[in-house]
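# Here's a sequence, model it:
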Amino acid sequence: MARVGFVGLGNMGGPMAVNLVKAGHDVAGFDIVSSNLDEFVTSGGKGAASASQAAAGAEVIITMLPAGQHVRDVYTGADGLIATAADGALLIDCSTIDVETARAVAAAAGKAGLAMLDAPVSGGVVGAQAGTLTFMVGGSDDGFARAQPILDNMGKNIIHAGAAGNGQAAKICNNMILGISMIGVSEAFVLAEKLGLDHQKLFDISSTASGQCWSLTTYCPVPGPVPTSPANKDYQPGFSTDMMLKDLRLAQEAANSAGATTPLGAQAASIYGLFADTGAGNVDFSGIIRYLRGQSGD
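The predicted structure is shown next:
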C-alpha cells in the first residue's frame, strides 16, 4: 500500500480520497474548506494543515482543484508541491483544466526530476463515490504504469491518452460531445411535447434507433424513462451546469488556440451560459431542457 497525499477534498476529491483509504492506503488530505477536511477525517483519513504537509513524504501526490490557476499555484509556488515533494514522488492532477497549464506544470515537474500525470475524470459525484470513474491520463508510459494501481482504487476505466496534456484534451473533447448531445436530446423532447408525443414513446423509439446516445439512455432529461437520471430528482446534480459550462469554455479556448472549427461546441457554450445566467448554475446540466422550454433554472 502507498503513502498518498491528497489535496482538494470537495465533492469529487473527497470521495476519491476516501476510496483510497478504504483500499488500505495511508492517505493524508488537505482542503481549504474545513468541513471537507473534517468529513475526510471522520471517514478514516488523516488531516493535514496545508497542501505541503499532506504531501510530506508521500509516494503519490494527487490533486483535485477547481481551475488551472489553482493547479499552477499549488504545484509551482515557492512552497508548492513540486518544491516540497519527496524525491521520486509521482504527481497526479485530477482537476479539469486547460491543456496549456497541464503541460506547463508537467514540464516544471519534469525539470525537478518528478513524473507528473494529468488525469481528469468522468463519472460525476456518483462515480467518485462508487469508485467507478473513468480516468483520461496524459503523461509518460512509466508514470502511467506507476499510477494505474492507485487509480484502479478510484475508477473502473483507466485510459492512457498519450503525452502530457492529452488527458485534459480527451476530457474537454468528451464533454463537448456530451454538452452538445444533451441539448439535441432536450430539443427533441421539447418538440415531442409540442407535437403531443409521449416522453416514454419517444424514449422507447429513439433508444433503440439511430437517435440512441448516452444523454438519452443513461441521463434522460425528462422524468420517467430512466429512473436514475437527475430529471427524477428535480435536476439535482449530478454534474452541474456551471461545471459543464466550465468544460465547454475550456474546449473553446483549446479550439481557438489550435485553430479548430467547433461551431456546435461554441453554440453549446453560449446556450449553457444563458441557462446559468437564469440562476441555474447549481442545477444539473440536463436541466437545460428547462431553458429550451422557456423556463428559468432556479
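
# which other helices and strands contact the helix or strand harbouring residue 249?
Using DSSP states H and E, the secondary-structure element containing residue 249 is helix 241-258. Counting contacts by 3 or more C-beta pairs under 8 Å, 6 or more residues apart in numbering; DSSP states H and E, helix 241-258 packs against helix 99-111, helix 166-195, helix 263-275. For the C-beta atoms, the positions are set from N, CA and C on the backbone; glycine is no exception.

# Tell me which residues of that helix come out buried.
By 16 or more other C-beta atoms under 10 Å, the buried positions in helix 241-258 come out as 241-252, 254-255.

# and that helix, how far from the chain's centre?
13 Å (C-alpha atoms, centre = their mean, to the nearest Å).

# For this protein, just list every one of the strands.
Per DSSP state E, the chain carries strands over the ranges 3-7, 26-30, 46-47, 60-63, 90-93, 115-118, 121-122, 133-138, 155-162.

# For residue 36, which non-adjacent residue is closest in space?
Spatial nearest neighbour of residue 36, excluding adjacent residues (C-beta to C-beta, 6 or more residues apart in numbering): residue 9 at 4.3 Å.

# Identify whichever of the helices and strands packed on helix 241-258 lies nearest to residue 39.
helix 166-195 (25.9 Å; C-beta to C-beta).

# tell me the average confidence for the closest one?
Helix 166-195 shows a mean pLDDT of 97 in the predicted model.

# Find the centremost residue of this structure, please.
When C-alpha atoms, centre = their mean is applied to the chain, the residue found nearest the centroid is residue 121 (4.5 Å).

# per-residue confidence at the closest residue to that one other than its chain neighbours?
Closest residue to residue 121 apart from its sequence neighbours, by C-beta to C-beta, 6+ apart: residue 133 at 4.4 Å. Turning to residue 133, the model gives it a pLDDT of 97.

# Can you report how many residues neighbour residue 133?
When counting by other C-beta atoms under 10 Å, one arrives at 27 neighbours for residue 133.

# Could you list every helix and strand in contact with the helix or strand bottoming out on mean pLDDT in the chain?
Lowest mean confidence among the helices and strands of the chain (mean pLDDT, DSSP states H and E): helix 124-130, at a mean of 90. Applying 3+ C-beta pairs under 8 Å, 6+ apart, we find helix 124-130 packed against helix 13-22.

# Next, the angle from the helix it packs on to strand 133-138.
Taking axes from the mean of the first three to the mean of the last three C-alpha atoms, to 10 degrees, helix 13-22 and strand 133-138 form an angle of 100 degrees between their directions.

# Show me what helix 13-22 is packed against.
For helix 13-22, the packing partners by 3+ C-beta pairs under 8 Å, 6+ apart come out as strand 3-7, strand 26-30, helix 34-42, strand 60-63, helix 124-130.

# now those as a markdown table including mean neighbour count and distance to residue 115?
Formatted as a markdown table, the helices and strands packed on helix 13-22 follow (neighbours: other C-beta atoms under 10 Å; distance: least, C-beta to C-beta, whole Å):
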| stretch | mean neighbour count | distance to residue 115 |
| --- | --- | --- |
| strand 3-7 | 27 | 15 |
| strand 26-30 | 24 | 20 |
| helix 34-42 | 15 | 26 |
| strand 60-63 | 26 | 10 |
| helix 124-130 | 18 | 24 |
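
# Serialize the ones you listed to CSV and add fields for distance to residue 114.
Formatted as CSV, those follow (distance: least, C-beta to C-beta, whole Å):
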stretch, distance to residue 114
strand 3-7, 13
strand 26-30, 18
helix 34-42, 25
strand 60-63, 9
helix 124-130, 26
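
# so which of the ones you listed comes closest to residue 13?
Set against residue 13 and scored by C-beta to C-beta, these come closest in strand 3-7, at 6.7 Å.

# So which elements touch the closest one?
Strand 3-7 packs on helix 13-22, strand 26-30, helix 51-55, strand 60-63, going by 3+ C-beta pairs under 8 Å, 6+ apart.

# and the angle from it to strand 26-30?
Strand 3-7 and strand 26-30 are oriented at 20 degrees to each other (the same axes, to 10 degrees).

# please begin residue numbering at 38 from this point
Will do, 38 is the new start, and the previous item becomes strand 40-44.
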